[in-house]
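Peer 1: Let's see this in three dimensions:
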Amino acid sequence: MSRGWADGPGRVLVPIEKHLAASKISRHDENDMREGENCGPPGGVQEASLGGPTERLLEGLPVRDVEHSGRPLRDHLVGTHDLLKQWGNAQHVCLAGLFHSVYGTKTFLTAMLGPEDRERVRAIIGTHAELLVFIFAMSDRKRLLLENRSAPYHWIDHQTGVRAVIPGSVLNDLVELEVANFLEQMPFLTDPREPVLMDMQNRFEAVMSRMSAGARNACRRAFDGWPGSRTTGLGGEIGEVIEPSPWGRPLDSLRPFIVAANVRATLETSRCSIGPGRGEAGDLILGRMEPAEGERIVILDQHRDAHTVTGPQRVLAVLGSRDSSTHVCAVIPTGGLDVEQGLKAHWIAGESGIVGCLERQPVLDSTHDVESAVGFECDGLVLNGHGQPVNIRSFAVEPPDREVSTPIVLVAATSSSAGKTVLSGEVIRRLAETGLKVGAIKASGTGGVLDSLHHQRAGATAVLDFVDAGLITTHVDPRVFRARIPLVFRQMQALGAELIVAELGGDLLSASNPELFRIEEIIDNSKLLLVISNDPLGATGVIALNDARLGFPGAKVRHFSSPFRNHAGVARRMASAGIPECHDPRSPDDLARIVDEILAGLAPADRHEWRRPP
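Peer 2: Numbering: from 1, shown residues only. Here you go, the predicted structure:
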């Protein structure tokens, strides 16, 4: 069905100068561009509902008849939309990509729509998307990218020279639109001259910190010599920097600050700066914790030393989301978080240092020792000397390229706060007492170091977690989880562990835990799966889940009650549910039997140096 763009049988195409020369920035636009920035989408924006194939929104426009980069304009518009969607941008940005040149631009002079059509465009793609399309048409886009290093941000009408202020979130969206527009047509350019490519690369490098990860990666593939940060191992330094960074305020100028425990490398702070940008999970961020009056927050620094915070305290932490059934739930918006100085976010992860956008607080008078969120006012992202956000992926361990062969014991549960760390600690302690070199890994969950500290105190010779694999949380794309988690198991093997105890965070359904059972080098070496269930229904659910999805050998599963429950009552209920053997994590005899079973399952070559405890 046609959208009714033209009054006659076809739209008359005229040069953009005649269509938009008399256009002014409307009060509607000014109100949109004054919108405050927050962790969510712009307030008051009504997003369009596609209701079918995306390209149907273009019906009634002659996009198949107009040529662009040697092909129908329709192909370029849809391709730009698809790139933006592929990079994880919000719907309003993708829809702006679909319509981005319908008003014409400074260089694409054929306009299909004019100012009289703006209300109809808003009705189809939404207010915020239409505003991006209008600015894209009217702005001096080169100056937009090169002249917005710091607030207040603005765009300049390429015909009149009039400036209009825009929020940083709108600037970030326009940057995505610019990158997608050029990269989509780049393969079709008949004369991709080097000066043109260099000019576009220079523009994009100027706003690199504002790009989504998808856009940055696309630029890296498209341009020779695109800046990149050096991948470092644990304890490495940041960046390939020779000169001090020009991208924002020097990081050292904002001292003193605490570097939180989830930052696993030594930052060469003199080479880093703080600036605005579009942050993704794992990016480093600086800001001030703001506890409420009378509130006392304990945080751990990267040396695992504790600091009690009772008032405003600047901390260098990590952006991330959290999905907890017990503690805080928080998110990073799709496409990234637009970080500016003064942005209000939340500290969401107890002692370890994660910042995100609060979704829901737990009930504070719960029987669980719940963690609540604390206000966090952002200074900006930590940028390296190329203006790129520093991400904890740069700190990931770099083990030898040798698959895991070390024996593994998995510890899991049917919920968070069920006692996995208690059980892991008991198993580690008893195994370590035999002289065995036990390595401990927290393999899934959301960033935190307390479990690793508990493992270390129990006697583990080395401790690692998923943060050491470059993940602030394992609530991620399954492909990312499967690619990164083996790194910490291989690293633990390289550190000389003779057996690995791997604790899985949360419950068996969450935090990518089912994906771990698809990693052959881990599961093929897993000798036992110890599962804590709060009740018999949870235990029967584990059996059903294992049969349906996990595929772990049932003969190697050992059921435990929670150390926080009355084992006698739980064991009777387990038996009535068809689980006759339920181990008590507080029982020395039950723990001794499990440890003997683990030791007996090791190959003779693995157990010649250790002894059974008396």
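
Peer 1: what about the helices in the stretch 501-614 of the chain?
Peer 2: Ranges of helices in the stretch 501-614 of the chain, per DSSP state H, counting those that start in this stretch, are 513-516, 520-523, 536-545, 567-576, 588-601.

Peer 1: which secondary structure elements does the second one contact?
Peer 2: With contacts defined as 3 or more C-beta pairs under 8 Å, 6 or more residues apart in numbering; DSSP states H and E, helix 520-523 has these neighbours: helix 478-494. All C-beta atoms are positioned from the backbone trio N, CA, C, and that covers glycine.

Peer 1: Check the longest one too.
Peer 2: Here helix 588-601 is seen to pack against helix 420-432, strand 526-533 when contacts are counted using 3+ C-beta pairs under 8 Å, 6+ apart.

Peer 1: Would you format the helices of the stretch 501-614 of the chain as a markdown table with mean neighbour count and distance to Ile332 included?
Peer 2: What follows is these, written out as a markdown table (neighbours: other C-beta atoms under 10 Å; distance: least, C-beta to C-beta, whole Å):
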| stretch | mean neighbour count | distance to Ile332 |
| --- | --- | --- |
| helix 513-516 | 20 | 20 |
| helix 520-523 | 17 | 27 |
| helix 536-545 | 18 | 28 |
| helix 567-576 | 16 | 38 |
| helix 588-601 | 16 | 39 |
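
Peer 1: circling back to that earlier point, adding mean pLDDT, write the helices and strands packed on helix 588-601 out as JSON lines.
Peer 2: As requested, the helices and strands packed on helix 588-601 are exported to JSON lines (pLDDT from 0 to 100):
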{"stretch": "helix 420-432", "mean pLDDT": "97"}
{"stretch": "strand 526-533", "mean pLDDT": "97"}
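
Peer 1: Next, format these as JSON lines and append distance to Thr473 and mean neighbour count.
Peer 2: Output for the helices and strands packed on helix 588-601, formatted as JSON lines (distance: least, C-beta to C-beta, whole Å; neighbours: other C-beta atoms under 10 Å):
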{"stretch": "helix 420-432", "distance to Thr473": "17", "mean neighbour count": "23"}
{"stretch": "strand 526-533", "distance to Thr473": "22", "mean neighbour count": "23"}
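
Peer 1: So which of the ones you listed is nearest Gly551?
Peer 2: When these are compared by C-beta to C-beta, strand 526-533 sits nearest Gly551, at 11.4 Å.

Peer 1: Does the closest one pack against any helices or strands, and if so which?
Peer 2: For strand 526-533, the contact count by 3+ C-beta pairs under 8 Å, 6+ apart identifies strand 408-413, helix 420-432, helix 536-545, strand 557-561, helix 588-601 as packing neighbours.

Peer 1: cutoff 6 Å now
Peer 2: strand 408-413, strand 557-561 (3 or more C-beta pairs under 6 Å, 6 or more residues apart in numbering; DSSP states H and E).

Peer 1: Which strands border it, and is each parallel or antiparallel?
Peer 2: Using DSSP bridges, strand 526-533 pairs in its sheet with strand 408-413 (parallel), strand 557-561 (parallel).

Peer 1: now the longest one and helix 420-432, what's the angle there?
Peer 2: Interaxial angle of strand 408-413 relative to helix 420-432 (axes from the mean of the first three to the mean of the last three C-alpha atoms, to 10 degrees): 150 degrees.

Peer 1: where's strand 408-413 relative to the chain centroid, distance-wise?
Peer 2: On the basis of C-alpha atoms, centre = their mean, to the nearest Å, strand 408-413 is displaced by 26 Å from the centre of the chain it belongs to.

Peer 1: now do the shortest one
Peer 2: Centroid displacement of strand 557-561 relative to its chain, using C-alpha atoms, centre = their mean, is 33 Å.

Peer 1: okay, the angle between that strand and helix 536-545?
Peer 2: Relative orientation of strand 557-561 versus helix 536-545 (the same axes, to 10 degrees): 160 degrees.

Peer 1: List the contacts of strand 557-561.
Peer 2: For strand 557-561, the surrounding residues in contact (C-beta atoms under 6 Å, 6 or more residues apart in numbering) are Leu528, Leu529, Leu530, Val531, Ile532, Ala539, His567, Val570, Ile579, Cys582, His583, Pro585.

Peer 1: what do you get if the cut-off is 8 Å, keeping everything else the same?
Peer 2: For strand 557-561, contacts defined as C-beta atoms under 8 Å, 6 or more residues apart in numbering pick out 423, 528-533, 539, 542-543, 546, 567, 570-571, 574, 579, 581-585, 594.

Peer 1: do the same with stretch 210-224
Peer 2: Residues from elsewhere that reach stretch 210-224 (C-beta under 8 Å, 6+ apart): 83, 86-89, 168, 171-172, 175-176, 179-180, 183, 186, 197, 201, 204, 208, 226, 228, 276-278, 280, 335-336, 388.

Peer 1: Skipping its backbone neighbours, what lies nearest Val463 in space?
Peer 2: Spatial nearest neighbour of Val463, excluding adjacent residues (C-beta to C-beta, 6 or more residues apart in numbering): Ser452 at 4.2 Å.

Peer 1: Which secondary structure elements does the helix or strand where that neighbour lies sit against?
Peer 2: Assigned by DSSP states H and E, Ser452 falls within helix 450-458. The contact analysis (3+ C-beta pairs under 8 Å, 6+ apart) places helix 450-458 against helix 420-432, strand 438-442, strand 462-465, strand 499-503.

Peer 1: which of the residues in the shortest one are buried?
Peer 2: Think strand 462-465. Ala462, Val463, Leu464, Asp465 (16 or more other C-beta atoms under 10 Å).

Peer 1: So what are the sheet partners of it and their directions?
Peer 2: Strand 462-465 has these strand partners (DSSP bridges): strand 438-442 (parallel).

Peer 1: Could you check the angle the partner strand makes with helix 450-458?
Peer 2: When the same axes, to 10 degrees is applied, the directions of strand 438-442 and helix 450-458 differ by 170 degrees.

Peer 1: hey, C-alpha coordinates of strand 438-442 in PDB?
Peer 2: What follows is strand 438-442 as a C-alpha-only set of coordinates in PDB (Å, rounded to 0.1, in the frame of the first residue of the first chain):
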ATOM      1  CA  VAL A 438      44.400 -27.100  42.700                       C
ATOM      2  CA  GLY A 439      43.400 -24.200  40.400                       C
ATOM      3  CA  ALA A 440      40.100 -22.500  40.900                       C
ATOM      4  CA  ILE A 441      38.000 -20.800  38.200                       C
ATOM      5  CA  LYS A 442      34.800 -18.800  38.500                       C
END
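
Peer 1: picking that back up, now, of the strands paired with strand 526-533, which is deepest in the fold?
Peer 2: When you average the neighbours per residue for each of the strands paired with strand 526-533 (mean count of other C-beta atoms under 10 Å), strand 408-413 leads with a mean of 27.

Peer 1: got the CA coordinates for it in PDB?
Peer 2: Output in PDB follows, covering the C-alpha atoms of strand 408-413 (Å, rounded to 0.1, in the frame of the first residue of the first chain):
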ATOM      1  CA  ILE A 408      38.100 -30.600  36.000                       C
ATOM      2  CA  VAL A 409      35.400 -30.700  38.700                       C
ATOM      3  CA  LEU A 410      32.300 -28.500  38.000                       C
ATOM      4  CA  VAL A 411      30.300 -27.000  40.800                       C
ATOM      5  CA  ALA A 412      26.800 -25.600  40.000                       C
ATOM      6  CA  ALA A 413      23.500 -24.900  41.600                       C
END
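
Peer 1: that older thread, generate TSV for the helices and strands packed on helix 588-601, with distance to Gly380 as supplementary columns.
Peer 2: Compiled in TSV, the helices and strands packed on helix 588-601 are given as follows (distance: least, C-beta to C-beta, whole Å):
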stretch	distance to Gly380
helix 420-432	35
strand 526-533	42
